[in-house]
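Chemist: attaching a predicted model along with its sequence, questions to come.
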Amino acid sequence: MTLHTSPESPNRLPIIWPAPLKPGDLLAVVAPASPVDPDLFTTGAAWLKKWGFRLSYGPEIFAPRPFRIEADLEVWRFLTQALANPEVRGIISARGGYGALRLLEHLDYGLLRADPKWIIGFSDITNLLCTMHQQGGIITFHGPTVAQLSELTEPAREQFYRLLTGDQIEVVCFRDLTVLWPGAARGPLIGGNLTTICHLLGTPFAPDLSESILFLEDHHEAPYRIDRMLQHLRLSGSLGRVRAVVLGSFTQCGNIQQLWDIFTAVGAALGIPILAGLPAGHQPDNFLLPIGAVAQVDSASAMVRLAIGSS
């Protein structure tokens with residue numbers, strides 16, 4: 001594992017990168033949000049097995065989940081077992097959906113720092129990605145769930161495998177992005193699903209966005225709801241020290257130009273760069289992004305740069 005103290009975040013824990021995965025490593029598949037369709041799971045799991053990984057999972061990932069504390073604790077138990085098992089080297093969510101918020105108060109975040117593992121997912125899993133990074137000081141990964149693996153574009157799937165197994169620093173550049181407001185910035189990449197981040201505000205698990213590069217994506221939200229959530233973030237003070245915003249996909253969220261106008265207004269009000277078009281989110285082009293890694297944003301080159309595995 002690699003320790004790295006971000007100069008942009010002196011009050012944050014020194015962050016830890018998980019060790020690269022190897023063929024034969026054990027991955028635990030969990031369902032902290034919604035249960036997964038068995039067919040989607042099978043086709044996605046086939047890719048992980050093709051790459052040489054062993055999988056551990058139980059029937060609970062397919063089971064409907066009632067709104068009862070007993071059900072939450074059952075999901076918590078399986079996730080905690082995966083975190084505590086030294087043989088498990090990575091934990092990947094079966095799918096997104098809903099429910100991860102119900103687990104945050106029960107988790108032992110000390111387990112993360114004692115034995116760092118790959119934590120991968122997106123959408124509702126943003127709850128876990130941001131909280132595990134903030135509470136445990138580990139890099140987590142916004143990226144495809146098992147259910148999405150078979151639907152990924154080939155470049156996204158290749159990048160997923162390459163970054164999981166790479167044993168050297170890799171600089172990842174996302175180029176030709178759309179500049180909504182100009183500028184340049186550097187800071188830790190924090191964020192994920194916009195709706196989910198807003199649901200964390202006012203709780204002990206609200207992400208620390210100070211000095212960060214804020215990454216946002218969403219799915220099936222009308223433009224007026226996107227604007228309302230952004231105003232919620234702004235009025236809460238969460239955007240006050242954000243250094244830049246980078247936008248992933250906003251699938252089925254209405255007119256894209258209207259959305260970009262909404263974000264452009266935020267950039268103008270805050271005076272921070274905003275770039276759109278990062279290939280991440282609810283779409284087949286869902287590239288792996290390290291939450292907590294230092295990112296560089298430059299509107300002059302319309303680029304976001306990330307160092308994967310930096311030290």
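Modeler: Everything's here; your move.

Chemist: could you verify my assumption that residue 258 touches residue 223?
Modeler: Yes - in terms of CB atoms under 8 Å, residue 258 counts as a neighbour of residue 223; the distance is 4.9 Å. Placement of C-beta: from N, CA and C, glycine included.

Chemist: so for the two, which sits in the more crowded spot?
Modeler: Here residue 258 and residue 223 are compared on neighbour count by other CB atoms under 10 Å; more neighbours surround residue 223, at 17 against 14.

Chemist: for the helix or strand hosting residue 258, list the C-alpha coordinates in PDB.
Modeler: Secondary structure assignment for residue 258, by DSSP states H and E: helix 256-270. Extracted in PDB, the C-alpha atoms of helix 256-270 (Å, rounded to 0.1, in the frame of the first residue of the first chain):
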ATOM      1  CA  ILE A 256     -28.300  18.800 -22.000                       C
ATOM      2  CA  GLN A 257     -27.800  22.400 -23.000                       C
ATOM      3  CA  GLN A 258     -30.200  23.400 -20.200                       C
ATOM      4  CA  LEU A 259     -28.200  21.400 -17.700                       C
ATOM      5  CA  TRP A 260     -25.000  23.000 -18.900                       C
ATOM      6  CA  ASP A 261     -26.500  26.400 -18.500                       C
ATOM      7  CA  ILE A 262     -27.400  25.500 -14.900                       C
ATOM      8  CA  PHE A 263     -23.900  24.400 -14.100                       C
ATOM      9  CA  THR A 264     -22.400  27.400 -16.000                       C
ATOM     10  CA  ALA A 265     -24.300  29.700 -13.700                       C
ATOM     11  CA  VAL A 266     -22.800  27.900 -10.700                       C
ATOM     12  CA  GLY A 267     -19.300  28.300 -12.100                       C
ATOM     13  CA  ALA A 268     -19.900  32.000 -12.700                       C
ATOM     14  CA  ALA A 269     -21.300  32.600  -9.200                       C
ATOM     15  CA  LEU A 270     -18.400  30.800  -7.500                       C
END
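
Chemist: give me the sheet partners of the helix or strand where residue 296 lies and which way each runs.
Modeler: Assigned by DSSP H and E, residue 296 falls within strand 294-298. Here strand 294-298 has these sheet partners by DSSP bridges: strand 184-193 (antiparallel), strand 303-308 (antiparallel).

Chemist: between these, which one is closest to residue 95.
Modeler: Relative to residue 95, the nearest member of the strands paired with strand 294-298 by CB to CB is strand 184-193, separated by 13.4 Å.

Chemist: return the distance of the closest one from the chain's centre.
Modeler: Here strand 184-193 is found 11 Å from its chain centre; the criterion is CA atoms, centre = their mean, to the nearest Å.

Chemist: fine, thanks again, bye for now.
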